[in-house]
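[1] with the sequence up front, the predicted model follows.
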Amino acid sequence: MRALVLGSNATLVLNAVSALGAAGIEADVISDWTAPRVRFSRYCRRYTRVPFESLHAGNNLAMLSEYCREHAIDVVIPADLACTFQLAELNEDDLPRFPVASPSTLEQLHDKWRFAQLLRSRQLPAPPTQLLSPGSDGSEVELRFPVIVKPAAAEGGFGIVRCDTPADLARERTRPEHRRGEWLVQEVIPGHDIDLSLLADRGRVVAYTIQQDEASDKKRFLHDPEMLEIACAIVHATQFHGLAHFDMRVEEGTGKLYVIECNPRVWGSLMYSVWAGVNFIALGCRLARGERLTISMPPSEHVWHQGVAPRRLFKALLQGRSSPEGMSGATLASWRQAHGDPWIQLIGGLTERNEERWRKRLKSRVRDEEPVADA
């Protein structure tokens, strides 16, 4: 199988390529300047850089179709939300595409206000949420403080701010960014985060994992029938098709579960699930080829993320081992992935930092050369 990964989010593009590599599938990548590190992955067969406008243009079907024919691509995988929406606009006969939901379904799950309304209509547990009126100072909010204020259609944690008092909220609403788009407020649920990731086949969950952070580089995978039941209800209600990652929260003291939001795309911690034995990208490729998947039990273990560690590797080799002593399971899979594809960390990170400095200098030069308009 040959895959083509599209996207301008460096982390998500690399996650998709690494997941393909873990399944023995090489990938071509079409991206703009934001994802250069992936070029150094052993699993990236061909890297094509295009301008951001061309990557996300609505009329790039001809370019993608020609590329798929020329390079014998079996499946096109969108690695970020913008490209997911792009492929959703196309007919399934236009490109050999990865499973994606309809544009209306993607919008319903991505937009935080519409998603909150969906949860309410299905009587699914969600924090009390209120939409802010355009231009308001938040005085109409009737929720219990502290609250979280966030843009309805952003992602990646952009614009999310905690407000402990009505005065904090009023002050936050004076910021210039609050004049653009819809914003909402949501009661803070004291407790801990827990996430459910899934692959769905037209309203039916076919693979899932449930994870909880235990450290910045460690996650615990577990079983939770209630979480699965809620996710299945959302998937069935929307007839969702493709990948999704649900942020949930367990309330301190009561143990009550709340659904916070949904990201209907590849997610940042995808590789933890791959190391634990659930390769959502490879499974999605099988769906794209017409296979019917049956749901299996998710993993239940701890996963430590292993980076490239030359000293630890050298010590292990001196002991006649390929990995440090005592490492097994999903953590061992993470070690093997990192040391089987090391250049994305050893060289790729330096490349991204250099390109970021170059872009900043270029932007500064452009600003200095811009003519000053007459008053």
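    Arrived safely.

[2] show me the shaky parts of the chain.
    Along the chain, segments meeting pLDDT under 70 span 33-35, 58-59, 348-375.

[3] how about the spatially most central residue of it, what does it touch?
    For the chain, W267 is the residue whose C-alpha lies nearest the centre (Cα atoms, centre = their mean; 2.1 Å). By Cβ atoms under 8 Å, 6 or more residues apart in numbering, the contact list for W267 reads L12, N15, S197, L243, H245. Every residue, glycine included, has its C-beta placed from N, CA and C.

[4] would you check which pair of the residues you listed lies furthest apart?
    Taking Cβ to Cβ, the two most distant members of the contacts of W267 are L12 and S197; they sit 13.3 Å apart.

[5] just the contacts of W267 now: which is nearest G138?
    Distance to G138 across the contacts of W267 (Cβ to Cβ) is lowest for H245, with 29.1 Å.

[6] who does the one helix or strand the closest one maps to pair up with?
    Element membership of H245 [criterion: DSSP states H and E] is strand 242-251. Strand pairing for strand 242-251, determined by DSSP bridges: strand 191-200 (antiparallel), strand 257-263 (antiparallel).

[7] can you tell me what sits against it?
    By Cβ under 8 Å, 6+ apart, the list of residues contacting strand 242-251 reads 84, 98-101, 109, 127, 189-200, 227, 230-231, 234-235, 256-267, 280, 284.

[8] what values do phi and psi take at the nearest residue to G340 once chain neighbours are set aside?
    Leaving aside its chain neighbours, G340 sits nearest to R42 (7.3 Å; criterion: Cβ to Cβ, 6 or more residues apart in numbering). When quoted as degrees, to the nearest 10, the phi and psi of R42 stand at phi -70, psi -20.

[9] residues contacting R42?
    If a contact means Cβ under 8 Å, 6+ apart, then R42 has G21, G340, D341, W343 as its contacts.

[10] in JSON lines: the residues you listed, plus secondary structure and neighbour count.
    Shown next, in JSON lines, are the contacts of R42 (DSSP: H, G, I helix; E, B strand; the rest coil; neighbours: other Cβ atoms under 10 Å):
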{"residue": "G21", "secondary structure": "helix", "neighbour count": "20"}
{"residue": "G340", "secondary structure": "helix", "neighbour count": "11"}
{"residue": "D341", "secondary structure": "coil", "neighbour count": "21"}
{"residue": "W343", "secondary structure": "helix", "neighbour count": "15"}
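
[11] name the nearest of these relative to P310.
    Nearest to P310 among the contacts of R42 is W343, at 12.8 Å by Cβ to Cβ.

[12] isn't that closest one right up against S41?
    Yes. The criterion here is Cβ atoms under 8 Å, and W343 meets it with S41 at 7.3 Å.

[13] what about burial for the contacts of strand 242-251, which qualify?
    Applying 16 or more other Cβ atoms under 10 Å to the contacts of strand 242-251, the neighbour count classes 84, 98-101, 109, 127, 189, 191, 194-200, 227, 230-231, 234-235, 257-267, 280, 284 as buried.

[14] identify the contacts common to L12 and S197.
    The contact sets of L12 and S197 overlap at W267, L270 (Cβ under 8 Å, 6+ apart).

[15] and the protein, what are its domains?
    When the chain is parsed with automatic domain parsing, its domains come out as 3-98, 128-187, 191-304, 310-345.

[16] out of these, nearest to L118?
    domain 191-304 (7.1 Å).

[17] list the contacts of Q117.
    Applying Cβ under 8 Å, 6+ apart to Q117 gives no contacts.

[18] so it: helix, strand or coil?
    Secondary structure, DSSP: H, G, I helix; E, B strand; the rest coil: Q117 is helix.

[19] look up how far L228 lies from it.
    Taking Cβ to Cβ, to the nearest Å as the measure, Q117 falls 23 Å from L228.

[20] cool, and Q123?
    From Q123 across to L228, the span is 17 Å (Cβ to Cβ).

[21] what comes up buried for stretch 318-328?
    For stretch 318-328, the neighbour count (16+ other Cβ under 10 Å) marks S323, P324, M327 as buried.
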